[in-house]
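K.L.:
here's my sequence, what's the structure:
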Amino acid sequence: MALASFPDVAHRYVDVGDTRVFYREAGPADAPVLLLLHGFPSASHQFRRLIDALGTRYRLIAPDYPGFGHSDDPDRTASRYSFERITDTVEGFCLALALDRFVAYLFDFGGPVGLRLAARRPEWFAGLVVQNANAYDEGLSDLARGMAANRLGVEGAEDRVREILVLPVTRSQYEGGAADPARIAPDGWTLDQHFLDLPGRKEIQVDLALDYHTNIERYPAWQQWLRENQPPTLILWGRDDAFFPEAGAHAYLQDLPAAEVHVFDTGHFALEEKLPEIAPLIADFLDRNGK
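P.N.:
Below is the predicted model of the structure:
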């Protein structure tokens, strides 16, 4: 019996300024590139199964943001963490690896990071795969609006953010909305919590949570960028996401009428449960738009 082929996955570090960035890479050097931008509270390990599924045909590259996963967490005393600061590092990462043309996979935090990068470097973007990465008011649940209301100077904001940086909440982000929670492996939330519990890491997440409102403020600019550039876009959405409901997926059609939208009966971490359905859609999209 022939065995399925699996990619040879490399695990590397690259220096970006004063930050050592960890990343996973698989696939032929001359294949279409998919840059995988992870979400909260995870890191590149959230894409491990997708890399296994597609990493023999396409070049998949998944970095850990600074302060996430295996990447360094540079000192925050001189400068608090922000989505601009994360984007600076991702931009430097792309320059270090000479990545100047790719499809970007935007998930959760990967949305504001990727769209900030697209505004800076539009020529790099051959297309977008958007998975539960919101850029519209329609895609904000009451829960998301409440979290975004936490910002510097708001009484009790930091304490409210710290309440979500615990294992039961981390686990709920994976299992919440899942059609069959038994299909969600515990590895993801367990590893996420391990990294969250490292010294100094929760302070980084507090910084980013208190900065999240800046993403919502940029929605009009990002929507304008989408309208003006019309990147080929594949939208994949878990409809029972507690943070970003299904309306956020369809809202992209206001500015990208040719976008392909697929909604799945699952939650926020849609790849954990629906990879067999999602991976072929991404492969087809890369075949058509990856160059």
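K.L.:
would you list every one of the helices in the stretch 51-200 of the chain?
P.N.:
With DSSP state H, counting those that start in this stretch, the ranges of helices along the stretch 51-200 of the chain come out as 83-96, 110-120, 142-148, 157-162, 167-175, 187-196.
K.L.:
now do the strands in the chain.
P.N.:
Taking DSSP state E, the strands of the chain run over residues 10-16, 19-26, 33-37, 59-63, 102-107, 125-131, 233-238, 260-264.
K.L.:
adding mean neighbour count, mean pLDDT and distance to Thr214, write those out as CSV.
P.N.:
Yep, even glycine has a C-beta here, placed from its N, CA and C like the rest. Listed next are the strands of the chain as CSV, based on neighbours: other Cβ atoms under 10 Å; pLDDT from 0 to 100; distance: least, Cβ to Cβ, whole Å:
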stretch, mean neighbour count, mean pLDDT, distance to Thr214
strand 10-16, 14, 97, 22
strand 19-26, 21, 98, 21
strand 33-37, 26, 98, 17
strand 59-63, 26, 98, 21
strand 102-107, 25, 98, 17
strand 125-131, 24, 98, 19
strand 233-238, 25, 98, 23
strand 260-264, 16, 98, 27
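K.L.:
would TSV of those strands with distance to Asn289 be doable?
P.N.:
Shown next, in TSV, are those (distance: least, Cβ to Cβ, whole Å):
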stretch	distance to Asn289
strand 10-16	25
strand 19-26	20
strand 33-37	11
strand 59-63	14
strand 102-107	6
strand 125-131	4
strand 233-238	8
strand 260-264	10
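K.L.:
out of the helices of the stretch 51-200 of the chain, which one sits most buried?
P.N.:
Among the helices of the stretch 51-200 of the chain, helix 110-120 has the highest mean neighbour count (mean count of other Cβ atoms under 10 Å), at a mean of 23.
K.L.:
which other residues reach that one?
P.N.:
36-39, 65, 83-84, 86-87, 90-91, 94, 104, 106, 124-125, 128, 130, 133-135, 215, 218, 221-222, 225, 229, 231 (Cβ atoms under 8 Å, 6 or more residues apart in numbering).
K.L.:
which one's the longest helix in this structure?
P.N.:
Identified as the longest helix of the chain according to DSSP state H is helix 270-289.
K.L.:
give the buried residues for that one.
P.N.:
By neighbour count on 16 or more other Cβ atoms under 10 Å, the buried set for helix 270-289 is 270-275, 278-279, 282-283, 285-286, 289.
K.L.:
re the thing from before, out of the strands of the chain, nearest to Pro186?
P.N.:
Pro186 sits nearest to strand 233-238 of all the strands of the chain, at 18.3 Å, using Cβ to Cβ.
K.L.:
partner strands of the closest one, parallel or antiparallel?
P.N.:
strand 125-131 (parallel), strand 260-264 (parallel) (DSSP bridges).
K.L.:
turn these into a markdown table, columns for distance to Arg48.
P.N.:
Converted to a markdown table, the strands paired with strand 233-238 look like this (distance: least, Cβ to Cβ, whole Å):
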| stretch | distance to Arg48 |
| --- | --- |
| strand 125-131 | 15 |
| strand 260-264 | 19 |
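K.L.:
ok, what's across the strand from Pro63?
P.N.:
Per DSSP bridges, the residues bridged to Pro63 are Tyr23.
K.L.:
quick check, it in contact with Arg20.
P.N.:
No - Pro63 is beyond contact range of Arg20, at 11.2 Å (criterion: Cβ atoms under 8 Å).
K.L.:
quick one: common contacting residues for these two?
P.N.:
Ser71.
K.L.:
so, low pLDDT: which residues of the stretch 1-150 of the chain?
P.N.:
1-4 (pLDDT under 70).
K.L.:
just checking, what packs against the longest helix of the chain?
P.N.:
For helix 270-289, the elements it packs on are helix 48-54, strand 102-107, strand 125-131, strand 233-238, strand 260-264, judged by 3 or more Cβ pairs under 8 Å, 6 or more residues apart in numbering; DSSP states H and E.
K.L.:
what does the fourth one contact?
P.N.:
To tie it back to what came earlier, the one meant is strand 233-238. Residues contacting strand 233-238 (Cβ under 8 Å, 6+ apart): 127-132, 177, 226, 244, 246, 248-249, 252, 256, 258-270, 273-274, 278, 281-282, 285.
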